[in-house]
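In: I need the structure of the sequence given here:
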Amino acid sequence: MLAALLAVCGSRCRAGVCYEAMGYLTYTSFDASGSPTYKNVMMFDVKVRTNEWHIRTEPVVEGRGGVGFYEESGGTNDFVLRVTALKSAYNMSASPFEALRAELKATKKDDVYFANAPTRIPATFLNRRQPPDASSRKAIPAERAATNRADNVAVAVALKGKYPVVDPSCAAFLWFAFTPPTSQSDGASKMLLQTWDDGNPTRNRFRRASWSQFAEFPHLVSSAVYNWLGKELLPDGTLASLNTSDVSKPLDVAARYDVDAATNYGGLKLPLSFKLMRFHTKRSDNREPNVVSTTVGSVVKVSRLPADVVLDVTVPGKTFVSDYRLSAGELKGTPIGYLLLSNHPPDVDQLKQRNLYKHALREVTAAAPSPHLRWIVVAFLLIPSGVVVLFWRQLTRRD
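Out: Residues are numbered from 1 along each chain as shown. From the prediction side, this is the model:
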């Protein structure tokens, strides 16, 4: 049994609470009749040290959909970095999951090898630079072509704040399961971070929710119920209401999270089996909501985390970064794109002094219509209407 792999580590964290959990997630989507239409099994390694965290996930099938692995980290520097390493950057000997991968292929093969289309890298994160000349074009798949044009082996996103990216890496779901809840207020109601992927990977969305926490430290969420109402955190730090026009009953349950089994480990209460169930946006008055998808997590190993372990993400080679940390204000939501070579992104002050920022600012300014142009467009639209009205009045007077 995978649960028999639960391990004890004697190292102690000298500052705050440090722990690590390793396991796997099984994501399943369903059709209207409740039959599974897609499955994906991902392995995970979550490291938490007080307010810092690092999450790595990998598909069990190596290189599935062109992805080698995902890594994401956040902490005291007020930004989150998420890296998607492409298949070309994957190093089997550096993976922490080889023993787990072999066992999952043997014991969970019906899920691992479920007959479905491979996961694709979201187009949002792909570098779309043009090649220097036409001779460099090759007959390769579109999702690979977008990244190979710069010969990069990874793509990354940098976001200001403390919340993880919500995308197919499942990092947001794991962050929610293994760190104490961070809530936002919506009047008298409370909201939790939306942890399921809805196609908006660079936006932090919150849904109204009610939840319970374990009494034991670190007081993780034991159960939670989300409804559809909520708000979205904008780049300038303000909250805007979410559009729920596609939802038949906004106060109905949108998703439910439950911890089915937990362990008391070294004074810590950590989940061993946990599940997120999502529901359809519409249902009739006399029917239960249809389940859209489930994400089930299983922990196979927990341990103490050494106090000196580095939790920052290091890019695996040439990496194209979409940096949103300065996207508020003058950039109007536009990211700054640049290449990294096995190091960390520059801090915000350094980035603002670079020509990259100035170039992005010029492009945004050039793309924005000027006030004079707006008035010209308005006049162009209104003058023909005025001519028609005058012509009609002349005709009526003659009659």
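In: Could you list the low-confidence segments of this structure?
Out: Along the chain, segments meeting pLDDT under 70 span 1-16, 117-149, 236, 284-286, 367-399.
In: Could you say which helix or strand holds the residue most central in space within it?
Out: Centroid-nearest residue in the chain: Val166, 1.9 Å away (criterion: Cα atoms, centre = their mean). Per DSSP states H and E, Val166 falls between elements, in no helix or strand.
In: thought it was touching Pro201?
Out: Yes. Using Cβ atoms under 8 Å, Val166 makes contact with Pro201 at a distance of 6.1 Å. C-betas here are computed from N, CA, C, even on glycine.
In: Tell me if I am right that Asn200 is in a helix.
Out: No. Using DSSP: H, G, I helix; E, B strand; the rest coil, the assignment for Asn200 is coil, not a helix.
In: What values do phi and psi take at it?
Out: Phi and psi for Asn200, reported as degrees, to the nearest 10, are phi -130, psi 70.
In: so what's the residue lying closest to it once chain neighbours are set aside up against?
Out: Distances taken as Cβ to Cβ, 6 or more residues apart in numbering put Val166 closest to Asn200, at 7.2 Å, once the chain neighbours are dropped. Residues near Val166 by Cβ atoms under 8 Å, 6 or more residues apart in numbering: 172, 193-198, 200-201, 203-205.
In: Return the members of those classed as buried.
Out: Buried residues within the contacts of Val166, defined by neighbour count using 16 or more other Cβ atoms under 10 Å: 172, 193-197, 201, 203-205.
In: In helices, which of those residues fall?
Out: Ala172 (DSSP state H).
In: Any chance of TSV for the buried ones among the contacts of Val166, columns distance to Asp347?
Out: Shown next, in TSV, are those (distance: Cβ to Cβ, whole Å):
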residue	distance to Asp347
Ala172	24
Leu193	25
Gln194	29
Thr195	28
Trp196	32
Asp197	29
Pro201	23
Arg203	23
Asn204	21
Arg205	27
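In: Could you single out the nearest of the buried ones among the contacts of Val166 to Ala366?
Out: Arg203 (25.3 Å; Cβ to Cβ).
In: Does the residue nearest to the closest one when sequence neighbours are not counted lie in a helix or a strand, and which?
Out: Nearest residue to Arg203, sequence neighbours excluded (Cβ to Cβ, 6+ apart): Glu232, at 5.7 Å. Using DSSP H and E, Glu232 falls within strand 221-233.
In: strands paired with that strand, and their directions?
Out: strand 204-213 (antiparallel), strand 239-241 (antiparallel), strand 253-265 (antiparallel) (DSSP bridges).
In: would you turn these into TSV with distance to Asp186?
Out: TSV is the format used below for those (distance: least, Cβ to Cβ, whole Å):
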stretch	distance to Asp186
strand 204-213	6
strand 239-241	8
strand 253-265	14
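In: Which among these is found nearest to Tyr38?
Out: strand 253-265 (17.7 Å).
In: Now do the buried residues in the closest one.
Out: 254-259, 262, 265.
In: from these, which two are the most distant?
Out: Pairwise across the buried residues of strand 253-265, and taking Cβ to Cβ, the largest span is found between Ala254 and Tyr265, at 31.6 Å.
In: could I have the helix or strand Leu361 falls within exported to PDB, CA atoms only?
Out: Leu361 is part of helix 355-367 when elements are defined by DSSP H and E. The C-alpha trace of helix 355-367 is given here as PDB (Å, rounded to 0.1, in the frame of the first residue of the first chain):
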ATOM      1  CA  ASN A 355      14.700  49.000 -21.200                       C
ATOM      2  CA  LEU A 356      12.300  46.100 -21.100                       C
ATOM      3  CA  TYR A 357       9.900  48.100 -18.900                       C
ATOM      4  CA  LYS A 358      10.300  51.300 -21.000                       C
ATOM      5  CA  HIS A 359       9.700  49.300 -24.200                       C
ATOM      6  CA  ALA A 360       6.500  47.700 -22.700                       C
ATOM      7  CA  LEU A 361       5.300  51.100 -21.600                       C
ATOM      8  CA  ARG A 362       5.800  52.600 -25.000                       C
ATOM      9  CA  GLU A 363       3.900  49.800 -26.600                       C
ATOM     10  CA  VAL A 364       1.000  50.200 -24.200                       C
ATOM     11  CA  THR A 365       0.900  54.000 -24.800                       C
ATOM     12  CA  ALA A 366       1.000  53.600 -28.500                       C
ATOM     13  CA  ALA A 367      -1.800  51.000 -28.500                       C
END
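In: which outside residues touch it?
Out: With Cβ under 8 Å, 6+ apart as the criterion, helix 355-367 contacts 326, 330-332, 334-338, 351.
In: Could you point out which of those is nearest to Cys18?
Out: Using Cβ to Cβ, those come closest to Cys18 at Leu351, 30.6 Å.
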